[in-house]
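1. what would the 3D arrangement of this be:
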Amino acid sequence: MLSTLLSQIVNGLVLGSLIGLIALGYTMVYGIIQLINFAHGEIFMIGGYGGLAMFTYLLPTFVQQQWYLALPLLLIAGAAVSVAVAVAMERFAYRPLRNAPRLAPLITALGVSVALQEAIRVFYPGATAALPYPKIFLEGAYIVPIGDGVPIRYTGVLIIVVSLALAVALQQFVDRSRLGRAMRATAQDRDVARLMGINPDRVIVLTFVLGGLLAGVAGILYGADLGFINIDIGFQNGIFAFTAAVLGGIGSIRGAVVGGLVIGLVKALGGQYLPGGTAYDYVWIFVVLIVVLVFRPQGFFGETERVRA
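-> Now for the predicted structure:
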């Protein structure tokens, strides 16, 4: 039925927008220092828990009951916690290994990922199970139905709008601002950038700040949309986001967003229409990734790397 198709497309766009927002952190860090930060999914997860902690312990009841007051505070709290953890991660885990063999920071990233999961388990002993998340809007609230009577949640609209707005803002920042030009120069050649008066360390920290901010916002939106979070959301969505970054062309902001949307649509439509149903929706995501990489190894918007003899 048309309504089922439209419903799955909407679900795919919502999920894809969220995955694309997380993928921006992967693609930015790789673009600057050629590091696959496998702990980025945990930055996303910690943002969600940061917002939950503030809502539970710091916000008075009257603020909790007003979404237009609670939502901005949740987003700020989630972003702040994620940024703080991302900056600490760069300073203490990755910076000392900047000149080490490339395998060392990769292994470190996996170790940091496990450490962050265990840290959340200490503060939230029940984190393995699903913890209820604050209901930003009324439970079951929908906006005007679209298409053939297909409803879409307020939080779904919020995710799509916020994700695309942040992606556009990030692209404009990188393309037009002075700091953005410094980031591009550092990505191309760190030594030459230093000779031009650019401090690569500050640029790298800025990259982690931006990635942490986007991941923190995504963590809040994820919890608000699904109504729960648990300790596994970082690993699961981190894998999806990394796949989206590779699919779109890692290092490309536009590619991360498009890759996220493709993954969201494949998961939603594949789970509904392809053999195996939802039990195999993850499989179809990686089938699409393999097919794309066979014919276009650099991804949708990636550039072919030229190696000079």
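2. can you map out the helices along the stretch 1-150 of the chain?
-> For the stretch 1-150 of the chain, helices defined by DSSP state H, counting those that start in this stretch occupy the ranges 2-33, 40-57, 61-64, 67-89, 103-123.
3. and the strand or helix carrying Ser163, what's buried?
-> Element membership of Ser163 [criterion: DSSP states H and E] is helix 154-176. In terms of neighbour count (16 or more other C-beta atoms under 10 Å), helix 154-176 has its buried residues at 154-156, 158-160, 162-164, 166-167, 170-171, 174. All C-beta atoms are positioned from the backbone trio N, CA, C, and that covers glycine.
4. just those: which has the poorest pLDDT?
-> pLDDT across those is lowest for Tyr154, at 85.
5. that one is in contact with Ile143, isn't it?
-> Yes. The pair Tyr154 and Ile143 passes the contact test of C-beta atoms under 8 Å, sitting 6.0 Å apart.
6. any idea how far Gly25 is from the nearest residue to Ile231 once chain neighbours are set aside?
-> Of all residues not flanking Ile231 in the chain, Ala127 sits nearest, at 4.2 Å (C-beta to C-beta, 6 or more residues apart in numbering). Distance, Ala127 to Gly25, by C-beta to C-beta, to the nearest Å: 22 Å.
7. neighbour count winner among those two?
-> More crowded of Ala127 and Gly25, by other C-beta atoms under 10 Å: Gly25, with 31 against 20.
8. how about that one, what does it touch?
-> 37, 40, 43-44, 210-212, 214-215, 241 (C-beta atoms under 8 Å, 6 or more residues apart in numbering).
9. now the two most distant members of the residues you listed.
-> Leu210 and Ala241 (14.8 Å; C-beta to C-beta).
10. neighbour count: these two, which is higher?
-> A direct count of neighbours by other C-beta under 10 Å for Leu210 and Ala241 places Ala241 higher, at 29 against 22.
11. so that one sits right up against Ile250, yeah?
-> No. With contacts counted by C-beta under 8 Å, Ala241 stays clear of Ile250, the gap being 11.0 Å.
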